[in-house]
Structures are given as structure tokens and as C-alpha cells.
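1. need a 3D model of the sequence below.
(one chain, ligands or ions: 2)
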Amino acid sequence: MAVPASRPIAVRGPALSFTGDPFQDGLDATMVHESDAIVAMMDGRITHFGPASLVAPQLPAGTEVRDYGSDALISAGFIDTHVHYPQTPMIASHGAQLLDWLNNYTFPTELKFADKAYARDIAKLFLRENLRNGITTSCVYCTVHPHSVDALFEEAEAIGLRLAAGKVLMDRNAPAGLLDTAQSGYDESQALIARWHGRGRLLYAITPRFAGTSTPAQLAAAGALWRENGDCLMQTHIAESRDEVAWTKELFPDRRNYLDVYDHHGLCGPRAVFGHGIWLDDPEMQRLHESGAAIAHCPTSNFFLGSGAFDIARAVAKARPVRVGLGTDIGAGTSFSIMATLDAAYKASQLNRQSLSAGHAYYLATRGGARAMYLEDKIGSLAAGMEADLVVLDMRSTPLIDARMNGARDFAEQLFIQMTLGDDRAVQATYIAGRLAYAKTPGVV
Ligand code: GUN
Ligand code: ZN
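-> Ligands and ions are numbered 1, 2, ... in the order given. I've put the predicted structure just below:
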């Protein structure tokens, strides 16, 4: 652990966690809700999790127990499987669909990252927002500039975060100042992998932005890079908007479908995280399933850009389930709040005539995200031995939520109220590697 806790501490209160995948095995078999739990932590890991009555007598002498009370909810930290930190300053830029939005807002903003000091300022802002929203791990796009990756990893390392990130690869269809080449992108990524991958809790994600901004030569170089560094993640965008799908078909006329553009170049397999995937067809879903690749569902972004409503029930269908995590996709996404993202995920499901339960939604925000990133043995749930990244929610964070909670009949209703009405105000505390990294009320843990 990068920042070990110096002495045993524990948090007490109601707690929620998952032991498996409720989409496959049902909530009864996979969701753990304790009305009064203790999570104890030492040296960056969870040492105990269970009912307070059972755990309290087992705690080492001198353990400080922080009692958050019966209106709290302790959970594994939230996981954002798709986000662009350089787009933090351009969140809420009005008026375009994906391809215009990239040209009009995104690329001009990313050009500013030629300045490392600027990159560092934005990395700090981004990580502060993550902690304020209970996000303890994310899978992050940087810009084409290698130092944009250094800036983020340096700041993440100082906090002790588990975080995956990578330098964007783009060698066409973007401003000259944002282009690399197949060779320079390969070389720079290789150097970043050597510097950062596996250092403390940090992981490298090989990051071809999407098919539209990479030549076949660059995709082949990214595939070679991933073959040579198989335990890195790989992240890119796929089938986000219909115009993008049509454009990709023009650029790669020989490929069977959009996924085949990546697959052909060795860019599909375990630890691949594909952003969006709204317009994937059945053979593409089948291939994602077989290969163990994941989709990052980014509902606030999909609504903001008018891209569409991702059908999560179809993606996780029992016949050929695909791994799915949740993404804020800042800055096309409109909120750092995972609760706001869950609210949008619920509405995306509704538009597909399905209704996402709150339990399933919280799974996506925690263990589901960890599974999408092949990290479920380390993060995403509360259990002895797991890394001690936690969020403590306040279930009565606004007057309206407080009033509404009085009418909630059971825990499922309480959770649903949180995901529909909650936001950053509901995040009371965030723990990273067993250490308090954010408290809503300073001085009050
Ligand atoms: N597709 C390619 N690049 C991007 C990006 O930065 N944001 C989103 N939402 N989609 C993309
Ligand atoms: Zn994105």
C-alpha cells in the first residue's frame, strides 16, 4: 500500500456489499446488507467485516471505532470505469452531438494540456471531485501528452489511490497539436508503462481514443503494446453514436463490424473496457462475452450528447453476459456523482422497458466496476483481505431526502431514494487504503 494506515481503525454503521453478480445469481444470493456492521482496517486492507456484535470482540486492542450512526451507509468505494480527467474544465459545454462536440469543445480543451502545470492543476481538481463523490478508483483517459499521465499518476500516488490511466493515442482526424504517430505513441506508452504500471496501486491502460482517430497502423501498434504488456488494461470507445458507427464503417470498410476493427488489431480481451457500446449488434455482444471484455455504461453522457439509451438488460443477458461497469464519462457526462449516474442508468433502462433495481445499480457502481476492470479480488466489496477503499453515505443528506426516507418501507426503497435524489451531498466520508481521504464536514469523521 502506498499510504498505510498507522494504526487499526474501524467504521461502524449500516453496510452494503456484494459477494457476487446479482444480474446472474439474483440479489438474494449476492447482496449483503447489515443494519449495524463494523469494517475494520489496517495497513491499507480490510481486516474484518460483519455484524458489529460479532466483529467488536475480535478487534485488536487500541482500535479506534468511528460510529457513523444508523442513518449512514458504508459501502466499498465507487468505481468509475470510464472518465476523461482533462475534460473536467469543459463539463457542461452546450449544444452538439459526439463528433461536433469533440471538434468544438474537447480537442481545444485537450490542447491546453501541452502545459504540464495546467495538467497538474486539473488532475488535482479531478481527484478532489472524485473523493467528494466517493469514487475511489477510476479508469481514466489522459491526453496525447505523456506528461498528462505523469501529472495524474503523481497526484494519485500522493493520495494512495488505486487508479488506471493512459495516454490517448491519436494519429489522425484531430488537430496537429494532439496527434502522435503509430511509432511515437507506441514508444511513449511503453515508457509510461515502464514508469507507472504496477507502481504501488497504479495501473496503466493502453488508450487508443477510438477507431476514428487512429490509423490501422496505430491500432496495430496498440495491439502489439497490449500483447507485450498483457496485464495492462486497454480502453477505447465503441458504438456510442449512430453517426460515429457509420463513419467507422467508411474508415474501415473491410472489417465485419465496429468491434472487429479493434479485435482484428488485437484489442479485444480480458481487461479491455469499451466505453458506451449503445449500438453494438448481437454478434458484437457475443464476442465481448466470449473474450471477457467489458462495457462501461455512461448514461449521463449518453443523454447529454443524445447518443442513445444503453440497454443494460440486453448486455448482461444470462445467455451471454457481458461484464458491465459504470462510467461518468466526464466531460460529456454531466456529473461526478455516481448516484446521479445511477439515476440516469435507471432512466436509460426505463427507455428500454426494463427497470433497474437499486440493488443491481449499487452492484454496478462497486463490484460490477471492479469486475469490468478485473480487480474484483482487490476492490469493489467489503471483505477481509480486500483493499480498504470505502465510502460512507449519509442517507438523510437533504431535507427532501430526509422527508422521503420517513416513508420508505424497506431497504430497497431507501437505496432507490438515494440513487434517485442523492448526489455529492450524500457522501459523508471517503477512505482510501484505510485512511480518511475526504470528510464532508471537516473535523468530523
Ligand atoms: N469518443 C471519442 N472520444 C470521445 C470523448 O472524449 N468523449 C466521448 N463521450 N466519446 C468519445
Ligand atoms: Zn469517453
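2. contacts and neighbour counts: CA atoms only from here.
-> OK.
3. if I look at the residue in the chain sticking out farthest from the centre, how far off is residue 10?
-> What lies farthest from the middle of the chain is residue 61; by Cα atoms, centre = their mean that is 36.3 Å. Distance of residue 61 to residue 10, given as Cα to Cα, to the nearest Å: 12 Å.
4. kindly report the same for residue 28.
-> In this view, residue 28 and residue 10 are 27 Å apart by Cα to Cα.
5. which of the two has more neighbours?
-> residue 10 (22 against 9; other Cα atoms under 10 Å).
6. in terms of secondary structure, what does the helix or strand encompassing the more buried one contact?
-> In this assignment (DSSP states H and E), residue 10 forms part of strand 9-18. When contacts are defined as 3 or more Cα pairs under 8 Å, 6 or more residues apart in numbering; DSSP states H and E, strand 9-18 packs onto strand 31-42, strand 64-67, strand 72-76.
7. relative to ligand 1, which of those strands is closest?
-> Among these, the nearest to ligand 1 by Cα to the nearest ligand atom is strand 72-76 (26.4 Å).
8. for the residue of the stretch 301-445 of the chain found nearest ligand 1, which non-adjacent residue is spatially closest?
-> Residue nearest to ligand 1 within the stretch 301-445 of the chain: residue 332 (5.1 Å; Cα to the nearest ligand atom). Of all residues not flanking residue 332 in the chain, residue 301 sits nearest, at 4.8 Å (Cα to Cα, 6 or more residues apart in numbering).
9. tell me how many other residues crowd the one you found.
-> There are 25 residues near residue 301, going by other Cα under 10 Å.
10. give me every residue that touches it.
-> Residue 301 makes contact with 307, 328-334, according to Cα atoms under 8 Å, 6 or more residues apart in numbering.
11. which of the residues you listed tops the neighbour count?
-> Neighbour counts for the contacts of residue 301, by other Cα under 10 Å, peak at residue 329, which reaches 32 neighbours.
12. that one looks like it's in a strand, true?
-> No - read with DSSP: H, G, I helix; E, B strand; the rest coil, residue 329 is coil and lies in no strand.
13. tell me the mean pLDDT for the one helix or strand residue 418 maps to?
-> Here residue 418, judged by DSSP H and E, is contained in helix 411-421. Averaging pLDDT along helix 411-421 yields 98.
14. now the angle from it to strand 72-76?
-> With axes from the mean of the first three to the mean of the last three Cα atoms, to 10 degrees applied, the angle from helix 411-421 to strand 72-76 works out at 80 degrees.
15. what comes into contact with helix 411-421?
-> Helix 411-421 is contacted from outside by 339-340, 342-343, 357-359, 395, 401, 404-405, 408, using Cα under 8 Å, 6+ apart.
16. tell me the centre residue of the chain?
-> Closest-to-mean residue, the chain, Cα atoms, centre = their mean: residue 80 / 1.5 Å.
17. before we move on, the earlier item: and the next helix or strand past the strand holding residue 10?
-> Using DSSP H and E, the next helix or strand after strand 9-18 towards the C-terminus is helix 22-25.
18. helices or strands up against that next one?
-> Other elements packing on helix 22-25 under the criterion 3+ Cα pairs under 8 Å, 6+ apart are helix 27-30, helix 358-363.
19. nearest to residue 213, of the ones you listed?
-> Ranking the helices and strands packed on helix 22-25 by proximity to residue 213 (Cα to Cα) places helix 358-363 first, at 32.6 Å.
20. contacts for the closest one?
-> Contact with helix 358-363 is made by 17-18, 21-23, 27, 31, 342, 345-346, 412-413, 415-416, 419, as judged by Cα under 8 Å, 6+ apart.
21. which of those are buried?
-> With burial judged by 16 or more other Cα atoms under 10 Å, the buried subset of those is 17-18, 21-23, 27, 31, 342, 345-346, 413, 415-416, 419.
22. export the residues you listed as a markdown table, with columns for distance to ligand 1.
-> Rendered in a markdown table, the data for the buried ones among the contacts of helix 358-363 read as follows (distance: Cα to the nearest ligand atom, whole Å):
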| residue | distance to ligand 1 |
| --- | --- |
| 17 | 30 |
| 18 | 29 |
| 21 | 27 |
| 22 | 28 |
| 23 | 26 |
| 27 | 31 |
| 31 | 31 |
| 342 | 17 |
| 345 | 16 |
| 346 | 19 |
| 413 | 32 |
| 415 | 28 |
| 416 | 27 |
| 419 | 22 |
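23. residue 432 pairs with what?
-> Here residue 432 sits in beta bridges with residue 435, going by DSSP bridges.
24. that one and residue 139, how far apart?
-> Distance of residue 432 to residue 139, given as Cα to Cα: 16 Å.
25. now residue 186
-> Distance of residue 186 to residue 139, given as Cα to Cα: 20 Å.
26. out of the two, which sits in the more crowded spot?
-> residue 139 (29 against 22).
27. residue 164 falls within a strand, correct?
-> Yes - counting by three-state DSSP, residue 164 is part of a strand.
28. just confirm it contacts residue 203, I think it does.
-> Yes - judged on Cα atoms under 8 Å, residue 164 makes contact with residue 203 at a distance of 4.5 Å.
29. what residues are shared contacts of these two?
-> With contacts taken as Cα under 8 Å, 6+ apart, residue 164 and residue 203 have residue 233 as neighbours in common.
30. now the residue nearest to residue 83 when sequence neighbours are not counted. Its backbone dihedrals?
-> Closest residue to residue 83 apart from its sequence neighbours, by Cα to Cα, 6+ apart: residue 329 at 4.1 Å. Dihedral angles of residue 329 (phi, psi; degrees, to the nearest 10) stand at phi 50, psi 40.
31. how about the residues of this protein near ligand 1?
-> Residues of the chain lying near ligand 1 by Cα under 6 Å from any ligand atom: 209-210, 237, 332.
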